[in-house]
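**Student:** the amino acid sequence is not available; the structure is as follows:
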DNA sequence: GACACGTGGGG
DNA sequence: TCCCCAAGTGT
């Protein structure tokens, strides 16, 4: 048996029973692929169920509001996926008259759909001969063929894509693609791969050279930046607070309390001296209290956010105020969500 | 080409 | 604790 046949044979006997494996509906496959980008199956599965339940068709998704979609996406991260999902659903309904794209070249025109997702949907739903290359594929191919080219370089991307395409069983593209990914996820794992029980262990270059744990090779290391957030959590006498929509960067289009970002940690005295703080409260009579005695460190893949939540009691405000009861309806970051769970014991998403 | 973009699990 | 990394894409 060749490489592909061995993988497919293994796959048919060992694959997990996942909800998107029982359909070739392109909307559902597309949705599952977007959810699973850079996301573990265990983490994404509940979101897949929620989205299918709330938006059974691409039309339902197109008709929803972005806020509704972001609220459902809350906690999953990489929120541009949700925004692009919505944008592309509207594009499919309005520009393509509801007809889902069927080829790699048409699929990749969708926002949020790149080489991987276009290849996956085209092969799984329409049996097109397009090979997927994701993290699993890089790992399986790098090890099996002993390839040391860094995967996150132009040269590596090109080389692995070409090899994957060459190995593709073009009669069973969808099954082949899912087989190699599932094999990478369950057998050829990043740590502690199950080489002793691997169906390919008699022909794996990395195993024969005892270099399994050296592959795949990746270049670069991102530098972690530190940021200092001061959230101004307002309590008015009529039980309102203030929230605003983030307009760019991280958590774009999610809501948060008025934010004062500083160069370093600040105390109450320094907070009150901030220009932005004073413009929030034109009239006097406010009380300020730090909610978290120890700074909250929210860790993201490339930045650590040192956060202080300042509770400010005041009389009445007018702009951007919402009643505390309605705060839970807004999509927020996990940082804000965690705060709300501590601060308002009646807050549930 | 380099960097931004989240969150959570595992070793 | 810290670091890797997970069905990547957009700018």
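**Tutor:** Yep, that arrived. These numbers come from a predicted model, not from an experiment.

**Student:** how much space between the residue of the stretch 1-150 of chain A found nearest DNA strand B and DNA strand C?
**Tutor:** Per C-beta to the nearest atom of the strand, residue A:77 is where the stretch 1-150 of chain A lies closest to DNA strand B, at 2.6 Å. No exception for glycine: its C-beta is placed from N, CA and C like everyone else's. Using C-beta to the nearest atom of the strand, to the nearest Å, one obtains 8 Å as the distance from residue A:77 to DNA strand C.

**Student:** distance check, whatever residue of chain A ends up closest to DNA strand C against residue A:131.
**Tutor:** At 2.6 Å from DNA strand C, residue A:114 is the closest residue in chain A, using C-beta to the nearest atom of the strand. Separation of residue A:114 from residue A:131 (C-beta to C-beta, to the nearest Å): 14 Å.

**Student:** who's more crowded, the two?
**Tutor:** Using other C-beta atoms under 10 Å, the more surrounded residue of residue A:114 and residue A:131 is residue A:131, with 25 against 12.

**Student:** so that one makes contact with residue A:164?
**Tutor:** Yes. With contact defined as C-beta atoms under 8 Å, residue A:131 and residue A:164 form a contacting pair (3.9 Å).

**Student:** return the residues of the stretch 151-300 of chain A in contact with DNA strand B.
**Tutor:** A:153-155, A:191-192, A:220, A:222, A:225, A:248-252, A:298-300 (C-beta under 7 Å from any atom of the strand).

**Student:** which other helices and strands does the helix or strand that contains residue A:276 contact?
**Tutor:** Applying DSSP states H and E as the criterion places residue A:276 in helix A:275-280. Packing partners of helix A:275-280 (3 or more C-beta pairs under 8 Å, 6 or more residues apart in numbering; DSSP states H and E): strand A:225-236.

**Student:** mean confidence score for the strand it packs on?
**Tutor:** For strand A:225-236, the mean pLDDT works out to 95.

**Student:** what domains does the record give for chain A?
**Tutor:** A:3-214, A:225-343 (automatic domain parsing).

**Student:** buried deepest among the ones you listed, which one?
**Tutor:** domain A:3-214 (a mean of 18; mean count of other C-beta atoms under 10 Å).

**Student:** just the endpoints, please. Distance across it?
**Tutor:** 22 Å (C-alpha to C-alpha, to the nearest Å).

**Student:** just the pLDDT for residue A:347.
**Tutor:** With respect to pLDDT, residue A:347 has a value of 66.

**Student:** helix or strand next in line after the helix holding residue A:276, which one?
**Tutor:** Next along from helix A:275-280, by DSSP H and E: strand A:287-290.

**Student:** who touches that following strand?
**Tutor:** A:268, A:271-272, A:308-313 (C-beta atoms under 8 Å, 6 or more residues apart in numbering).

**Student:** if we go to 7 Å?
**Tutor:** With contact meaning C-beta atoms under 7 Å, 6 or more residues apart in numbering, strand A:287-290 is reached by A:268, A:271-272, A:308, A:310-313.

**Student:** repeat that for stretch A:314-333.
**Tutor:** With C-beta under 7 Å, 6+ apart, stretch A:314-333 has contacts from A:67, A:70-71, A:74, A:234, A:236-244, A:251, A:254-256, A:281, A:285-286, A:340, A:344, A:347-349.

**Student:** repeat that with 6 Å
**Tutor:** Outside stretch A:314-333, the residues within contact range by C-beta atoms under 6 Å, 6 or more residues apart in numbering are A:70-71, A:74, A:236-237, A:239-244, A:251, A:254-255, A:281, A:286, A:347.

**Student:** run the chain-centre distance for stretch A:211-229.
**Tutor:** 18 Å (C-alpha atoms, centre = their mean, to the nearest Å).

**Student:** what parts of the stretch 1-150 of chain A come near DNA strand B?
**Tutor:** A:38-40, A:42-43, A:75-80.

**Student:** in helices, which of those residues fall?
**Tutor:** Among those, DSSP state H puts A:42-43, A:80 in helices.

**Student:** what subset of those residues is also close to DNA strand C?
**Tutor:** Okay, of those touching DNA strand C (C-beta under 7 Å from any atom of the strand), that's residue A:80.

**Student:** any idea how far the residue of the stretch 1-150 of chain A closest to DNA strand B lies from residue A:41?
**Tutor:** 15 Å.

**Student:** what's the answer for residue A:278, then?
**Tutor:** For residue A:278, the distance to residue A:41 - C-beta to C-beta - is 49 Å.

**Student:** likewise residue A:215?
**Tutor:** 23 Å.

**Student:** same check, this time on residue A:341
**Tutor:** For residue A:341, the distance to residue A:41 - C-beta to C-beta - is 26 Å.

**Student:** next one: residue A:51
**Tutor:** Counting by C-beta to C-beta - residue A:51 and residue A:41 are separated by 15 Å.
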